[in-house]
Structures are given as C-alpha cells and as structure tokens.
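Trainee: Provided below for reference: sequence and predicted model.
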Amino acid sequence: MGDQTMIETSALTKRYGPFTAVDGISFKVEPGQVLGFLGPNGAGKSTTMKMIAGFLAPSSGSAKVCGFDVESQPIEAKRALGYLPEGAPSYGEMTPRAFLEFVADLRGLVGERRRQRVDDVIGRLQLESVLTQSIDTLSKGFKRRVGLAQAILHDPPALILDEPTDGLDPNQKHEVRELINAMSADKIIVISTHILEEVHAVCTRAIVIAAGRLLADATPAELEARSRYHGAVSLTASNTGAAREALARVADIETIEIDPHDHRITAIPKKGRAIFVPISEVLKSQGVEVNQLQLEAGRLDEVFRSITLPNAEARA
Amino acid sequence: MSPVKTVFRRELASYFATPVAYVFIVIFLILAGAMTFYYGEFFERGRADLQPFFGFHPWLYLFLVPAIAMRLWAEERKSGTIELLLTLPITMWQAVVAKFLAAWAFVGIALAMTFPIWITVNYLGDPDNGVIIASYLGSLLMAGAFLAIGSCLSAATRNQVVAFILTVVICFLLLMAGFPLVLGFFQAFLPQGVVDAIAGLSLFAHFQAIAKGVVDLRDLVYFALTILAWLYATAIVIDLKKAD
C-alpha cells in the first residue's frame, strides 16, 4: 500500500496531554516537488517533520516515506530519508570529515562509494577549508552546511530539511537554494521556513500550518493570487500628487495606498479587474512622468498573515 | 560495519577528544593508589593479595562512574544530536547499548591502567592470580552496573549535575543495601524474606562474592540482569522524554 516514491501523511496528529501540537495533517509529496512548510513559530512545523523523520511517534494517524511506514518499518523509512533537524545539530568535538564519515558508516556506505559520497558533499557544500577544524569552532553558516552535508550524504530519494537556510548570509542562502533546486528534479524535498522569499526561490508547492492545522495547500502563485495585492499596480512618479489625480480617473481601482517613506503608489484593483493597461494609458494621456511601473503578483507576507491570523487581518 | 560498532567507536573516541578523559584516568589511578597504600595498608598487612586495592573500588566508582555516565544522554539531548542519532538508521536499543559499551570500555581502560599494582604484588610475593583476575572482573561488572544506572538517569534530564547527583544517590543506596548496618535496621520490622531480598539486591554483596575469587553464575547473572534492566529503562526514558 502507498506509493513507493512519495512522502505521505494521513491525519497525522501529535498530542501532549490536552495540547494538540499537530492536528490531523494529511498531504502527499511526489518526486520533483519541493514542498515548503510555512507557519508561525510553534505552529507544528517541526513536530510534523520530527514525526515523518521517525523521531517522535504520532499520537494517531500515520506517515510513510517511500512506501515505508515510519512506525512499523522505521529503519527502512530512515534509510530512504535524509533529515536536517532544526538547528542542524552535530557532534561538536568531531571534525566535519570525521562526522561525515561517521554518518556514512551508519548509513552503510562502504569502500569507493563511501569515499566518493563524502568527497561529493564536501565539494557541494564547500567544506574543504574547515575539514580539520572541530565543528565547535565553526561559524553558524558552516555548522548549517555540515548538517546539510550529512542529510544528503547517502543521496536519499526523500529529504526533509528543517529551516535549511537559517543563520546563513545572503550568498550562502543563495547557494543552498541552488543546491536544493539542483536536487529537486528527481527527489522529494520538504523544507520548513519562515522566510517567504524562500518559497518563491525553491518551492513548487506550499503548505501553511498554524496551531497544528493545515490551512492552505497551494502553489506559491496560487497563494499570491489570494492577496488583495494580486493584480495591483505600483508606481513611483516624480510628481506624486499628479500621478494620484490621474489614477482617480481609473474606474476599476478599489483603493490607492501611498508609502510614506518612498512615496510609492500602489493601486489595488476591484476584485477580478485588470488595471495595468488602463493605468498606463491614463498616465500617458495625462502626461504624468513615471519612473517605475510594475504589476504585482501579490504579497505572500500579507497572504501569510491573513491565513494564520484570520481575525486580526480580516478587515485590514 | 554494524551500527553498534560505529556508534561505539565514535563515542569512545569522543572521550579522548578532550583532556577530561586523561584527567579522569589520572584521578582514578591516584585515588586507587592512595587508598590502597594509605587506608588499605597494602605493605603493612604483609600479605600478597590485592584485597585492599579492590576493597575501595565501590567507593571510588560511587563518584567517578556517575561523572562518566552523566553526559551519556544528557549531552545528546542538550545539543540536539539525539534527534540526529535516532533518525539515522539505528534502533533505539542499538544506540543505548553502543553508548553504554563505549562508556564501559572507557572505565575498563582506566581499570586496566592499574596493572602496575598487579605486577608489584607478583614481584613482592606469590599471590593467587586467579583471585585477582576474578576481582578485576567483579570490579568491571560493578562499574558496568553503575554506568547502566547512570545512563538511565542521564536520559531523564538534560542537566548533567542533576544526573550526577541522582546516580550517586541510587548507587549509594544499592551499595549500602548489603551492609549489616542497613539490614539490621530493616530486620527490626520486616520479615526475614524481605530483608534477604534487600540484601540480594546489594551490588556490594555480589561484588564481594566475586572479589573473593568465587565466580558464581548467580553473581554474574545478577550483574547482567542489573545492567540490562537499567539499559532497558534507559530506552524507555528516552522514548518518554524525547518530546521535551
């Protein structure tokens, strides 16, 4: 039962006494998909990942990795999975090389393949310069990369990465995203993040979790389409007042917002209306000088807030 | 390589990654020597055996072994590596046994470093080496029992100091259970059968039996069961405490 190539959860639930940390979460991820787990801190992202990785036992429901149930066939499920726990823990007194070789041994890699895989991940995550230092002495970015190296060491068909870019600088973030993209073609990848730009950069699908419940399951573009900024037009003009007057002539605009800092004007359309073409025509006919004119796809942070804080955001 | 062997090797190497291991061994050797020569009156008693040497081992272990055991699981929980270890393809039982065996091997190394005293006693006289080997075995088994207890209590907390103190207390109670002082207290109000049972639980009595040179199967079974029971409890405690 269950597909041999998927990560699958059904009604996955974790309770601590009266508190329900994860409440009946079901989803499937197929090879080639990069699933982003979004949610506020304490929403149950990590708990869900820990259950799929076989660290915590579900209170009810089940999780399968490549067809192996994490409770009844834990070793097989763990073999098929690469896992980066939250905070990327590793044994601080070891050097990265010794640590990776230890994981390789536990993963059952031997001989030429062991050497080749260890060298491969060292190269991919650029660990050459720190191979002989103890992990304790490394920077946060290097520690994270050692953790990532450990997770992909056995070239697993499924990967679960809990906040893979946390603590990295922008260049390192970019590299890790490239790495995830490069691996995504034939693997199942689940990442958790609270960095919304990351969803754009790497995810083909996003799940929003809050208070243990699955609130949305969609592509990043679909999520953006839920934003009231979806289809909005933003512009900056040398004469903000004139531009604003000109915009008043466009019928389909619901509201106009002006950023107090950079005087950027954002025109939000009435539901289902397209306003880009009318606006550009009006601006041209009125002779308003525009520095920048841009159609917005929607703002994920706003969608994120409206999904996870439905009451606070309902009228905003 | 089997998972147990892999984790065993990593753990044992980790003891020697810091100076703490060497400090521990030096302290152990100094204390063992000092107690033997000053309190045990090794020379003064004029007998070629190691009774004064082994007689102090329970008390030495009472403080030194919990110091080794306290970090076993508390450290893994504190640094989060427990999550890494237990999501690698290894069973809980393999992880518990491998870490225990590494700690035991470390104490075994410290114990083996006392070999000069064996050479000394053989040089000075003609001791019964069979008894000495049995005593080493008894000493190692007792250290193993202490370690298994420490392993379980280390799993129960991420605070190493708490783990240390709890381990010392429980090991102390299990040692004292065999002393006439304690047994006499219980004899006053408990039936003889219960008192015998308490005496039977005592680590000290079983150690003494082996250290006299009589390697009785019952004593071996006692130590094996004690170690296995506490390790089993370790696995249960880890499972219960994983979430926090």
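Mentor: Sure thing, it's come through.

Trainee: Around the closest residue to chain A within chain B, count how many other residues there are.
Mentor: Across chain B, no residue is closer to chain A than B:Gly80, which sits at 3.4 Å (CB to the nearest CB). Backbone N, C-alpha and C define where each C-beta goes, glycine included. Neighbour count for B:Gly80, taken as other CB atoms under 10 Å in any protein chain shown: 15.

Trainee: mind checking the backbone torsions on it?
Mentor: Phi and psi for B:Gly80, reported as degrees, to the nearest 10, are phi 80, psi 0.

Trainee: can you check A:Phe27 too?
Mentor: phi -160, psi 170.

Trainee: Make sure it is actually in contact with A:Thr9.
Mentor: Yes - the pair A:Phe27 / A:Thr9 is scored as a contact, 5.9 Å apart, by CB atoms under 8 Å.

Trainee: higher neighbour count, the two?
Mentor: Taking neighbours as other CB under 10 Å, A:Phe27 and A:Thr9 compare with A:Thr9 leading, 24 against 18.

Trainee: quick one: which helix or strand includes the residue nearest the centre of chain A?
Mentor: For chain A, A:Gly36 is the residue whose C-alpha lies nearest the centre (CA atoms, centre = their mean; 3.7 Å). A:Gly36 belongs to strand A:34-38 when assigned by DSSP states H and E.

Trainee: Check the average confidence over the helix or strand that that strand is followed by, would you?
Mentor: Beyond strand A:34-38 on the C-terminal side, the first helix or strand identified by DSSP H and E is helix A:45-52. For helix A:45-52, mean pLDDT rounds to 93.

Trainee: got it, and stretch A:180-196?
Mentor: The pLDDT scores in stretch A:180-196 average 88.

Trainee: which residues does A:Gln294 bridge with?
Mentor: Assessed by DSSP bridges, A:Gln294 has beta-bridge partners A:Ser234.

Trainee: Tell me who's in contact with it.
Mentor: Contact partners of A:Gln294, counting by CB atoms under 8 Å, 6 or more residues apart in numbering or on different chains, are A:233-235.

Trainee: In terms of distance to A:Leu179, which of the residues you listed ranks first?
Mentor: A:Ser234 (32.7 Å; CB to CB).

Trainee: correct me, but that closest one touches A:Ile268?
Mentor: No - the criterion here is CB under 8 Å, and A:Ser234 misses it with A:Ile268 at 9.7 Å.

Trainee: who's more crowded, the two?
Mentor: A:Ile268 (20 against 17).

Trainee: ok but that one is inside a helix, no?
Mentor: No - counting by DSSP: H, G, I helix; E, B strand; the rest coil, A:Ile268 is located in no helix; its state is strand.

Trainee: Distance check, it against A:Asp301.
Mentor: A:Ile268 is 16 Å from A:Asp301, where distance means CB to CB, to the nearest Å.

Trainee: cool, A:Glu76 as well?
Mentor: In terms of CB to CB, A:Glu76 sits 40 Å off from A:Asp301.

Trainee: Give me the more crowded residue out of those two.
Mentor: A:Glu76 (16 against 10).

Trainee: which one is that one nearest to, not counting chain neighbours?
Mentor: Nearest non-adjacent residue to A:Glu76, counting by CB to CB, 6 or more residues apart in numbering or on different chains: A:Phe68, 4.2 Å away.

Trainee: and the one you found, what does it touch?
Mentor: Counting by CB under 8 Å, 6+ apart, A:Phe68 has contacts A:76-77, A:80.

Trainee: Contact partners for whichever residue of the stretch 51-200 of chain A sits closest to chain B?
Mentor: As assessed by CB to the nearest CB, chain B sits closest to A:Pro89 within the stretch 51-200 of chain A, at 3.4 Å. Counting by CB under 8 Å, 6+ apart, A:Pro89 makes contact with A:147, B:79-81, B:83-84.

Trainee: Out of those residues, flag the one nearest to A:Glu245.
Mentor: A:Gly147 (55.5 Å).

Trainee: part of a helix, is that closest one?
Mentor: Yes - under the criterion used here (three-state DSSP), A:Gly147 sits inside a helix.

Trainee: Could you verify my assumption that B:Phe100 touches B:Ser151?
Mentor: Yes - using CB under 8 Å, B:Phe100 makes contact with B:Ser151 at a distance of 5.4 Å.

Trainee: Any residues of the stretch 101-250 of chain A in contact with chain B? List them.
Mentor: A:102-103, A:105-108, A:110, A:134, A:150 (CB under 8 Å from any CB of the partner chain).

Trainee: If we use 7 Å, what do you get?
Mentor: Residues of the stretch 101-250 of chain A lying near chain B by CB under 7 Å from any CB of the partner chain: A:102-103, A:105-107.

Trainee: Turn these into TSV, columns for neighbour count and distance to A:Ala211.
Mentor: Formatted as TSV, those follow (neighbours: other CB atoms under 10 Å in any protein chain shown; distance: CB to CB, whole Å):
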residue	neighbour count	distance to A:Ala211
A:Phe102	20	38
A:Val103	27	35
A:Asp105	20	41
A:Leu106	24	36
A:Arg107	22	36
